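In: missing the sequence, but the structure's below:
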């Protein structure tokens, strides 16, 4: 009974956080300011495209910045790239505020990087709750590390498909030892492919990857129903194997939140480490929240109707089918 209860409660959190949006739309936008002269900067604004829909945010530069090379637009499969060259004036860029009107209507972050001629950099993550940033001097490594941890945490928190997969694993696993093995297997697997994708050793096109991730969620639905019926399977006996195999796919999905921000090579190890820390912290937060709900419901001795036992499996499977069809349509349009 507690499995059904926790599923319905946590599902409300997942679907509530993603209401009105598609799953896993957390690929960040990026803004890069590259200094080319004393008071001249090249501005590159990359706005993600999700399922054919343009990003709701737009770039708003300070009023005293003057455009000297007219903007160009490059349309890619997953984004629109806007470039222009501006003169910032004698006061420079320090203290200037850059805004992103419309970002508050999305669930995505914007990663901002300022590259100066002297080799120093400034990075910042702009969130929908605060859709602007102020340019300032170079920051300490631990401040930058905190930004990457936050980027990883929010990337998973806003990825309903990843959270639903983890929740499906929790509904299959029995016993603390098996739970530890399953979570560890999933962590190791997605860490491997996250590192491979970020370092450039492997890549997977985003549309097929999204379909595969949706199928992984659909796969768990029948397994949860089998548990309700008292049946068994390889997945039920050894859930860590499934967690590892599908974790490899999800790792490529996690990488979309990091590999698209165009990091300098020297910054990649730091970014990879702390982005992964953020991912793990979010997953652990989700798992501990789910377990705390189980303990609370046991203490309350809540009585649930019989249909609640089978609801989790069919709901996970239904979400998997919905996302699979949705993403197959996108895949067919792309190819």
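Out: Thanks, I have it. Just so we're clear, the structure is a prediction, and the values are computed from it rather than from any experiment. Residues are numbered from 1 along each chain as shown.

In: And residue 31, which helix or strand is it part of?
Out: According to DSSP states H and E, residue 31 maps onto strand 29-35.

In: So which elements touch whatever helix or strand comes next after that strand?
Out: Remark: after strand 29-35, the chain's next helix or strand is strand 40-50, criterion DSSP H and E. Counting contacts by 3 or more C-beta pairs under 8 Å, 6 or more residues apart in numbering; DSSP states H and E, strand 40-50 is packed against strand 29-35, strand 79-87. C-betas here are computed from N, CA, C, even on glycine.

In: counting contacts, what elements does whichever strand or helix holds residue 240 pack onto?
Out: Per DSSP H and E, residue 240 falls inside helix 239-259. Packing partners of helix 239-259 (3+ C-beta pairs under 8 Å, 6+ apart): helix 141-157, helix 160-172, helix 176-199, helix 206-228, helix 234-237, helix 268-300.

In: Apply 7 Å and report the result again.
Out: Judged by 3 or more C-beta pairs under 7 Å, 6 or more residues apart in numbering; DSSP states H and E, helix 239-259 is in contact with helix 141-157, helix 160-172, helix 176-199, helix 206-228, helix 268-300.

In: remind me which residues of this protein are low pLDDT?
Out: 1-27, 50-52, 137-140, 257-266, 302, 304, 308-309, 334-335 (pLDDT under 70).

In: Contact partners for residue 92?
Out: residue 39 (C-beta atoms under 7 Å, 6 or more residues apart in numbering).

In: contacting residues around residue 320?
Out: 214, 215, 217, 218, 221.

In: Without its sequence neighbours, what residue ends up closest to it?
Out: Sequence neighbours aside, residue 218 is the residue nearest to residue 320 in space, at 2.6 Å (criterion: C-beta to C-beta, 6 or more residues apart in numbering).

In: and the spatially most distant residue from the centre of the chain, what element?
Out: Distance from the C-alpha centroid of the chain peaks at residue 90, with 38.9 Å (C-alpha atoms, centre = their mean). Assigned by DSSP H and E, residue 90 belongs to no helix or strand.

In: Tell me how far the nearest residue in space to it that is not next to it in sequence lies from residue 201.
Out: Once flanking residues are discounted, residue 90 sits nearest to residue 39: 6.6 Å by C-beta to C-beta, 6+ apart. Distance, residue 39 to residue 201, by C-beta to C-beta, to the nearest Å: 40 Å.

In: ok, these two, which is more surrounded?
Out: residue 39 (16 against 9; other C-beta atoms under 10 Å).

In: what's the spacing between the residue lying closest to residue 109 once chain neighbours are set aside and residue 212?
Out: Once flanking residues are discounted, residue 109 sits nearest to residue 28: 4.6 Å by C-beta to C-beta, 6+ apart. Computed with C-beta to C-beta, the distance linking residue 28 and residue 212 is 22 Å.

In: Then residue 87?
Out: 47 Å.

In: same thing with residue 228?
Out: Taking C-beta to C-beta, one finds residue 228 at 26 Å from residue 212.

In: For burial, what's the neighbour tally of residue 277?
Out: Neighbours of residue 277 under the rule other C-beta under 10 Å: 15.

In: Surely it and residue 149 touch.
Out: Yes. At 5.3 Å, residue 277 counts as touching residue 149 under the criterion of C-beta atoms under 7 Å.

In: one step back: the residue nearest to residue 320: neighbour count?
Out: 18.
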